[in-house]
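Asker: Just to be clear, the model below is a prediction. Sequence and coordinates:
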Amino acid sequence: MSNPIPNLFRFPELKDRILFTLFILLIYRIGAHITAPGVNLAELQAQFGALEGTLFGVYDMFVGGGLSRATIFALGIMPYISAAIMFQLLAAVFPTIEKLQKEGEEGRKKLTQWTRYTTVVLSAAQSYGYSVFLSSTEGAVQNPGFLFTFTTVMTLTVGATFIMWLGEQITEHGVGNGMSLLIFFSIIEGFPSAVVRTWEAFTVGEIGPVAMVALLGVVIGVTAGVTSMTMAARQIPVQIPRKVVGRGRIQEGQKSFVPVRVNAAGVMPIIFAQSFIIVPGTLAAFSSATFISELAEMFQPGNWLYYVSYGILTVFFTYFYTAIIFNPVDLAENLKKQGAFIPGVKPGSRTAEYIDRVLTRVTLPGAIYLALIALLPFWIFDIFDIQTFFFGGTGLLIVVGVGLDTVQRAQQHLLLRHYDGFMKKGRVKVRGRQNYM
């Protein structure tokens, strides 16, 4: 079962799920190329090139270029992701949200409903801001005014809500996490054209043969490193004592473990760090103040201040986001309720302290690894003096992480199918034996 790809289409149920997922993704990519009404696409893309290193450029990567093309799916799945992250962060502040997270299925349903409503509100707000940006961009809008703003807000809000529904359909009826797959295909959609641009730069001599071989080697090595670090985990041993169940029957003790992932925060620390580090450049794009321009120049790739700030922010947000999503106190309480314990550690507060200490130590190499992945592309560009290349740390992390998650979910479907077939064979044998007797 290590390589599920040859077996993907052998089972009808899994085949239907894969085809359904591809159909939904096709709808998503078609909508990502339909321009919103009233927009002059040629003028917009001419102006958008100056915003490549700003917040608009980063957002445009996550929506597959929909923002620079002003499509009906320009907002992508990001409003829903923002709403989900917001509730995740608010759970640490508001006990009501934290309580809902622990209430099981009913609590998750209510949180999902709140996330949907918040997504609509965020989509409307972002749509209005984007319509104002389009109206202020010279030549981008044919007839700016109230009608254009209203039409854009309605179109983009409905588009973002529809994308949210598409993602939920993939999660429920397809293979993998729908929201992650939408971002995944938005990022890799730009890979072919970026590879072509890189090859053209190589043919005209902008990238030398040695630099090209070195770049390909680094991409392969980093991909392998990202894969291994994504799957790496520290296993904390857990002992479950034997206990009496039923009518005097003794259930023997069991040994298990609690996995603490080296990169528990995923790609979120890099996204948060990027959001902060590109603020000066974003302000400079909309302001003519001298000190803002100088500040933006200091926080540009190639300057040591940019690299140091980017690295420190990545490490900080790795610890911050890991503390939000991983609570040692809750884990220690759950182990205590189940009668399980960590050998050599007292249950309760001592267990929580031990898990927190392990988490802190394990997170450090994960944080350094994320910072290196984020900064490595910029160092490569500086060393080889390359202006155009498709390699990016953030996009690579997302692509590899989502790809691994999707493969694991496909393996789970195959395992369930295997067990179902085994159980059916067992029932047939038992039934045959009963008939014979």
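Answerer: Yes, it's here.

Asker: helices or strands up against the helix or strand that contains residue 296?
Answerer: Here residue 296 sits within helix 290-298, counting by DSSP states H and E. Counting contacts by 3 or more C-beta pairs under 8 Å, 6 or more residues apart in numbering; DSSP states H and E, helix 290-298 packs against helix 279-285. Backbone N, C-alpha and C define where each C-beta goes, glycine included.

Asker: about what we covered before: any chance you could list what contacts the helix or strand that the helix holding residue 296 is followed by?
Answerer: Moving toward the C-terminus from helix 290-298, the next helix or strand (DSSP H and E) is helix 304-325. Contact with helix 304-325 is made by 88-89, 91-92, 264-265, 268-270, 272-273, 276-277, 298-300, 359-360, 363, 366-368, 370-371, 374-375, 378, as judged by C-beta atoms under 8 Å, 6 or more residues apart in numbering.

Asker: Helix 304-325 versus helix 290-298: what angle between them?
Answerer: For helix 304-325 against helix 290-298, the angle by axes from the mean of the first three to the mean of the last three C-alpha atoms, to 10 degrees is 80 degrees.

Asker: so how far is stretch 360-376 from its chain's centroid?
Answerer: 17 Å (C-alpha atoms, centre = their mean, to the nearest Å).

Asker: tell me the mean pLDDT over it?
Answerer: Across stretch 360-376, the average pLDDT comes to 86.

Asker: which residues sit against that stretch?
Answerer: 218, 222, 225-226, 229, 234, 260-265, 269-270, 273-274, 307, 310-311, 314-315, 318-319, 322, 393-394, 396-397.

Asker: rewinding a little: filter the contacts of helix 304-325 to the buried ones?
Answerer: Buried members of the contacts of helix 304-325, counted by 16 or more other C-beta atoms under 10 Å: 88, 91, 264-265, 268-270, 272-273, 277, 299, 359, 363, 366-367, 370-371, 374-375, 378.

Asker: Output the below-cut-off pLDDT ranges for the stretch 51-200 of the chain.
Answerer: Residues of the stretch 51-200 of the chain that meet the criterion pLDDT under 70 lie in 51-55, 57.

Asker: what is the rounded mean pLDDT of the helix holding residue 296?
Answerer: Mean pLDDT, taken over the full extent of helix 290-298, equals 76.

Asker: Quick one: residues contacting residue 409.
Answerer: If you count contacts by C-beta under 8 Å, 6+ apart, residue 409 has them with 175-177.

Asker: among these, who's most crowded?
Answerer: For the contacts of residue 409, the largest neighbour count, defined by other C-beta atoms under 10 Å, is 23 neighbours, found at residue 175.

Asker: mind listing which of the contacts of stretch 360-376 are in strands?
Answerer: Among the contacts of stretch 360-376, the subset assigned to strands under DSSP state E consists of 234, 260-261.

Asker: which of those count as buried?
Answerer: Buried members of those, scored by 16+ other C-beta under 10 Å, are 260-261.
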